[in-house]
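Student: with the sequence up front, the predicted model follows.
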Amino acid sequence: MSQTVTRALRLLAELGAGERTLDQLAEVAGVHKTTVLRLLQTLEEERFVYRDSAFRYHLGSGLFALSGLALEQRGIRRTAAPHLAELNAATGQTVHLAAYEGGEVVYIDKYDSRHPVRMYSRIGLSAALHATAVAKVLLADLPAAERRRVAAGIDYTPYTARTLTGPKALLAELDAVAAQGWAQDRAEHEPFINCVAAPVRDATGRVAAAVSISVPDVVLPYEQVLELLPRLLATARAVSAEAGAADT
C-alpha cells in the first residue's frame, strides 16, 4: 500500500510541473503503463487529476480544493492577508508570505505587482534556503544547533554570481539577519530581482512567517528597494501584533 501511495504522490508531483502523457508518467513512476493507468483512474475518480481530449493528464479540481482548505487552515495567512494586500497596493510591488515547515520554506501567499514583469514564485512553491530573503528570515530564528544542521545540509546551487556558496557564508548572513531584524536577497536567486523580508512573530515570540517585497531592477534599483524597508517592517509588526506577539 505504501508503495502505491508513493507512486501516486510522485505522479501528482510530476503533474505539478505541467501536463503529461501516460507514457511520460509511466517513465517517471518506473512501472508499466497498466499500473500507472490504474493509479490515474483512481485519482480521476477523486478529481485529483483529469484527462483532456488529447489524452494528456493534468492536476484536477479536487486537488485545488484540498490545497485551498490547507491554506485556509493557516491562521497566520488569514491574519496577514489584509496587511499584505495593503502593502501591495501601497508599493505596487510583489508581496510574499512564507513559512518554514518540514525543512522547507514554502510560499503560502502572494500578491502580484502591477508591473508587467512577473516572478517565477507561486503559492505552494518552496524557496531556496540559501538564496531568498524569506528563507533567511525564517532560518535566522532557528536555535543555533538547528541552524547549523540546516546550513550543513543545503545543496548550494549557484543561481547567480551573488548566491551564497556554503554554510560558513550562510551562517554569517543569518547572524546578521537575526541582529538587524530583516533580510535581503540582492539578486541572489534571480539576477534581476532584489528582495527584502521581515519576520512575523506569533504569541510565543517565535517567527511564524516571513513577509517580503520583491522588485525587478528594471522597476527599481536596489537602493530604492531598501527605501521600502520601513513600510515592510511596519507591516510585519502590524501582523505580529494581530497574531498576539508582544512588544511589536
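Tutor: Here it is on my side, so go on. This one's a predicted model, so the numbers in the text were calculated from it and none came from an experiment.
Student: what distance do you get for A133 to R114?
Tutor: 21 Å (Cβ to Cβ, to the nearest Å). For the C-beta atoms, the positions are set from N, CA and C on the backbone; glycine is no exception.
Student: what does stretch 170-186 contact?
Tutor: With Cβ atoms under 8 Å, 6 or more residues apart in numbering as the test, stretch 170-186 has contacts from 130-134, 136-137, 139-141, 147-148, 151, 154, 156, 162, 164, 193-199, 210, 214, 222, 226, 229, 232-233.
Student: in it, what's buried?
Tutor: Judged by neighbour count (16 or more other Cβ atoms under 10 Å), stretch 170-186 contains these buried residues: 170-171, 173-174, 177-178, 182-186.
Student: quick one, strands of this protein?
Tutor: For the chain, applying DSSP state E gives strands covering 20-21, 49-51, 56-59, 94-101, 104-111, 126-127, 183-186, 193-201, 207-216.
Student: quick check: the residue sitting nearest the centre point of the chain vs R122, distance?
Tutor: Centroid check for the chain by Cα atoms, centre = their mean gives Y107 as the closest residue, at 2.6 Å. According to Cβ to Cβ, Y107 and R122 sit 7 Å apart.
Student: quick one: which of the buried residues of stretch 170-186 is nearest G62?
Tutor: G62 has its nearest neighbour among the buried residues of stretch 170-186 in D185, at 35.1 Å by Cβ to Cβ.
Student: how far off centre is stretch 7-21?
Tutor: Remark: stretch 7-21 is offset 19 Å from the chain centroid, using Cα atoms, centre = their mean, to the nearest Å.
Student: quick one: contacts of that stretch?
Tutor: 24-25, 28-29, 31, 35-36, 39-40, 42-43, 48-49, 52, 55-59, 63.
Student: now with 7 Å, please.
Tutor: Stretch 7-21 is contacted from outside by 25, 28-29, 31, 39-40, 43, 48-49, 55-59, 63, using Cβ atoms under 7 Å, 6 or more residues apart in numbering.
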